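Visitor: Below are the sequence and a predicted model for it; my questions follow.
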Amino acid sequence: MIEKYQLKHMVKYLCELAGVSRSGYYNYFSLKSQEHRKQRDKADQKVKKVILKAFHFKGRKKGARQIKMTLAGQFSVVYNLKRIRRIMKKYNIICPIRKANPYRRMMKATHEHRTMPNLLNREFRQGIPGKVLLTDITYLFYGKNQKAYLSTIIDGTSGQALAYHVLDRLTMDLATDTLLKLKKNRNFKKAKDAFIHSDQGFHYTSPAFQKLVKKMGYHQSMSRRGNCWDNAPQESFFGHLKDEASIKECSTLDEVKKEMKRYMTYYNHYRYQWNRNKMTPVQYRDHLIKAA
């Protein structure tokens, strides 16, 4: 049996080794402290359940900021970010982490293709929905190493996805058909002096695309060569989509198209934007229209 004084000296030595005070050690194991931790764990379990409701809302995993906005917007629950992050860390609730997009080589344009000036100049948000439209194309891997291509047009001000098109081949139709879908969008209203901004990819320097842009009454703007920051919101949109959409689980192109349809609805109507007054893209669009 360890004598009382031996135990006392052992505790003292271990506390010094751990860098804690003896009073703190005894307090930690006191009945009062144990009961306090027990009650806190019970409270944390309740908060965890609420956070998980937001985390899994609409079947899309979310980070702390998205959880905070979803809780407020959908469940009328207000938690601060510090609390949400603590609970996520405690219970290992892992949010998707976007990987940097690999550098994409741009196809060389023929002599018939021509670039346009950078009218946007990184002024993505101009306070007017329907004025700054951003477009780009990305790849979607699904099934057993199968690849699809997604073309989108998003509103630079509201963040709303206005039109998209999915194909299994990288053809010119991918970009032009996206424009035609924008034209058919009855909920979209083009602002005065609206323009479409893209990179200097083959699709956007082509005569067919540029002719259609002009016919639809838009000006055309392009990023500087090799500068992804000139179209950063569009790149960010693709990053979130690849993190949150269930693309890899799809086994056919039709399944990919259905998942894209579900995700675009979720993104526009249920995915809150931290830097857009914590509103969804559609809510923020309506907010700006009413304020105008």
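Guide: Perfect, I can see it now.

Visitor: can you give me the helices in the stretch 101-250 of the chain?
Guide: 173-184, 202-205, 207-215, 232-244 (DSSP state H, counting those that start in this stretch).

Visitor: Give me the buried stretch members for the second one, please.
Guide: Buried residues in helix 202-205, defined by neighbour count with 16 or more other C-beta atoms under 10 Å: Phe202, His203, Tyr204, Thr205. Where you see a C-beta, it was placed from the backbone N, CA and C, and this is true even at glycine.

Visitor: Quick check: which of the helices of the stretch 101-250 of the chain is nearest to Ile51?
Guide: helix 232-244 (17.0 Å; C-beta to C-beta).

Visitor: The closest one: which residues count as buried?
Guide: Pro233, Gln234, Glu235, Phe237, Phe238, Gly239, His240, Leu241, Lys242, Asp243, Glu244.

Visitor: residues contacting the last one?
Guide: To tie it back to what came earlier, the one meant is Glu244. Arg60, Lys61, Lys62, Pro96, Tyr263, Tyr266, Arg271 (C-beta atoms under 8 Å, 6 or more residues apart in numbering).

Visitor: how far away is the second one from Arg169?
Guide: By that I understand Lys61. Counting by C-beta to C-beta, to the nearest Å, the gap from Lys61 to Arg169 is 31 Å.

Visitor: The two: who's more crowded?
Guide: Using other C-beta atoms under 10 Å as the criterion, Lys61 and Arg169 rank with Lys61 on top: 15 against 9.

Visitor: Determine the three-state secondary structure at that one.
Guide: When classified by DSSP: H, G, I helix; E, B strand; the rest coil, Lys61 comes out as coil.

Visitor: Run a quick check on it versus Ile51, I expect a contact.
Guide: No: counting by C-beta atoms under 8 Å, Lys61 does not reach Ile51; the two are 11.9 Å apart.
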